[in-house]
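1. 3D, please:
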Amino acid sequence: MPRPRPSVLSIALVFLLCLAAAPQMGAAQGEKIELRVWDQFTAPGESEVVDAIYSAFTEQNPNVTITREAMSTDQMRQTVNTALASGTGPDIIFYDTGPGFAGVLADAGLILPLDDMASQYGWRDRFIPSAIQGATIDGKLYGLPLQVDLIGMYYNKTLLDQEELQVPQTVDELATFCGQAKEKGYEPPLAFSNNPGWQSGHQFSMTTTNMVGPATMQQLLFEHQGSWNSPEMVTAIDAFFVKLRDAGCFSDPNALSYDDGNSLFFTGQSLLHPTGSWLVGDIEENMTDYEVGMVPFPSPTGGEGSFWVTGLGSAYYISAQSQHQEAAGQFLAHLFSPETATRWVGEADFAVPMAVDTANLEVSPLFKSILDVLASSTNGQTQLGYNIDVLTPPEFNDVMTNGFQAMLAGDKTAEQQAADLQAAWEAGLPAMTGTPAS
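-> The predicted model follows:
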């Protein structure tokens, strides 16, 4: 699910230098073509980078005109299904991955499978496997994800050093830390917000991954082995939504918007902030007086350790009704060429799920630390977990949103939430797997 960057707008996965040459453009040479593109890049600086990248394609293909419309995530979600179904929509959309979003479009036959194009342009060889996996629906590749999100916990190193406080490594240490921080005047210690409620899905992803480990989460999410109602899941849910709540780590997060939580951290009122790498640019802009670091979220008691969680942002898809699918494919090949990938990283601060040459790029120490973590995952040095909200059915996401808000308000137990999550998983699984409901 896109986050207010969003949402997207994220930061960048860097790997080794890609040796493959950029695909040659040939968008129906001579024929005048208009490609209509809908995306979610609304921030001024970000939008300028996108315009420049799109223009580079039309410079190589002067017979092609790109008509771009940028809209918010919510506006895109409210509009895209009807527009594509009616034939009035764009040729290309930048839209949410996952069964509840792109999966709905694929099931309705509204977006084009890209497997043939992937073979033509070598995308499967250049994208990291998890990105291909995340954009694959019912065995077919439908989209090309642009961003990889690293989700963990930011900390204000300047203030921690000043107050002689250490970054907590476990949930128990975090509960103690919150008490110490409050005594020193930091209220709330953790800049956690949960309005409108998608934020709690990230916390759930981190604590459950830390509890059972990435391998078990992979089996549950992709092989559908295991249960969301196990004792370990109950412990993980209780660790964040009960123990940290009762320790005073956050105050009424259901009343705080995501921007409110960010402001608590930006101004130094909160010392810790559990969120994703898409916030790096805003941190660097708003916290020039502070040194900020990022670590995996602390592990619950009895857990497997502290793991980074990653997830995909939105991806580019081609409309099944587009009259210019070949040119649209060439446009996507341009967006994900090695040269353009470097621009996404260096100019937009995005984390792209493919190989990028960063030898001549200048990045901040915070950004570089994130890129190093993501790069280390390619050789197995770092094991990454999954941000689950784009990998689970809509019924499950609804229970996460509403159920965790109820828990934070003290109106629901961890046991009840785990049982409701499992029931929602079982209800939504047939649509995800293509099997009839029993």
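2. Going by C-alpha atoms from here, please, whenever you check contacts or count neighbours.
-> OK.
3. Quick check: which ranges of the stretch 301-438 of the chain have low pLDDT?
-> The model of the stretch 301-438 of the chain has pLDDT under 70 over residues 355, 358, 378-380, 432-438.
4. Tell me where it has strands.
-> Assigned by DSSP state E, counting those that start in this stretch, the strands in the stretch 301-438 of the chain fall at 308-312, 315-318, 384-386.
5. I'd like the distance between F297 and D260.
-> As judged by CA to CA, to the nearest Å, F297 and D260 stand 21 Å apart.
6. Same drill for the two, tell me which one is more crowded.
-> Neighbour count, other CA atoms under 10 Å: between F297 and D260, F297 has more, with 28 against 17.
7. between the lengthiest strand in the chain and strand 308-312, how big is the angle?
-> Determined from DSSP state E, the single longest strand within the chain is strand 148-156. Angle of strand 148-156 versus strand 308-312, following axes from the mean of the first three to the mean of the last three CA atoms, to 10 degrees, is 140 degrees.
8. packing partners for strand 148-156?
-> With contacts defined as 3 or more CA pairs under 8 Å, 6 or more residues apart in numbering; DSSP states H and E, the packing partners of strand 148-156 are helix 199-212, strand 272-276, strand 292-295, strand 308-312.
9. what's in contact with the second one?
-> Around strand 272-276, the neighbours that count as contacts under CA atoms under 8 Å, 6 or more residues apart in numbering are 10, 149-156, 189-192, 199, 202-203, 261-262, 265, 297.
10. next one: stretch 190-200
-> By CA under 8 Å, 6+ apart, stretch 190-200 touches 178, 249-250, 252-258, 260-262, 264-265, 270-275, 400-402, 404-405.
11. What is the end-to-end distance of that stretch?
-> Terminal residues of stretch 190-200 lie 13 Å apart, using CA to CA.
12. Which stretches in the stretch 101-250 of the chain count as helices?
-> Using DSSP state H, counting those that start in this stretch, the helices of the stretch 101-250 of the chain run over 102-107, 115-121, 123-126, 129-134, 157-163, 171-183, 199-212, 214-222, 231-238, 245-246.
13. now swap in the stretch 301-438 of the chain and tell me
-> Counting by DSSP H, counting those that start in this stretch, the helices of the stretch 301-438 of the chain are 325-335, 338-348, 365-376, 394-408, 414-433.
14. Could you figure out how far the second one is turned away from helix 325-335?
-> Here helix 338-348 runs at an angle of 60 degrees relative to helix 325-335 (the same axes, to 10 degrees).
15. and what of the fourth one?
-> Taking the same axes, to 10 degrees, one finds helix 394-408 and helix 325-335 inclined to each other by 40 degrees.
16. Helix 394-408 vs helix 199-212, what angle?
-> Going by the same axes, to 10 degrees, helix 394-408 makes 90 degrees with helix 199-212.
17. In helix 394-408, which residues are buried?
-> Residues 394-401, 403-408 are the ones in helix 394-408 that count as buried (16 or more other CA atoms under 10 Å).
18. I'd like to know which of the residues you listed is nearest to D115.
-> In terms of CA to CA, no member of the buried residues of helix 394-408 lies closer to D115 than P394, at 25.8 Å.
19. Show me the domain layout of the protein.
-> Per the record, the chain has its domains at 33-147+313-360, 152-309, by automatic domain parsing.
20. mean pLDDT lowest for which of those domains?
-> Among the domains of the chain, domain 33-147+313-360 has the lowest mean pLDDT, at a mean of 92.
21. chain center to that domain, what's the gap?
-> Domain 33-147+313-360 has its C-alpha centroid displaced from the chain centroid by 15 Å (CA atoms, centre = their mean, to the nearest Å).
22. Pull out the buried residues from the contacts of strand 272-276.
-> Those of the contacts of strand 272-276 that meet the buried threshold are 10, 149-156, 189-192, 199, 202-203, 261-262, 265, 297, by 16+ other CA under 10 Å.
23. Strand 272-276 and the longest strand of the chain, what's the angle between them?
-> Going by the same axes, to 10 degrees, strand 148-156 makes 170 degrees with strand 272-276.
24. Run the angle between strand 148-156 and helix 365-376 for me.
-> Relative orientation of strand 148-156 versus helix 365-376 (the same axes, to 10 degrees): 140 degrees.
25. Can you show me the CA trace of strand 148-156 as CSV?
-> The C-alpha trace of strand 148-156 is given here as CSV (Å, rounded to 0.1, in the frame of the first residue of the first chain):
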residue,chain,number,x,y,z
VAL,A,148,11.6,-0.5,-2.4
ASP,A,149,10.8,0.6,1.1
LEU,A,150,13.0,-0.2,4.1
ILE,A,151,11.0,-0.1,7.3
GLY,A,152,12.6,0.2,10.7
MET,A,153,13.1,2.8,13.4
TYR,A,154,14.7,6.2,13.1
TYR,A,155,16.5,7.6,16.1
ASN,A,156,17.7,11.1,17.0
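26. Residues touching that strand, excluding its own?
-> Strand 148-156 is contacted from outside by 10-13, 167, 202, 206, 268, 271-278, 290-297, 308-313, 350-353, 370, 374, 387, using CA under 8 Å, 6+ apart.
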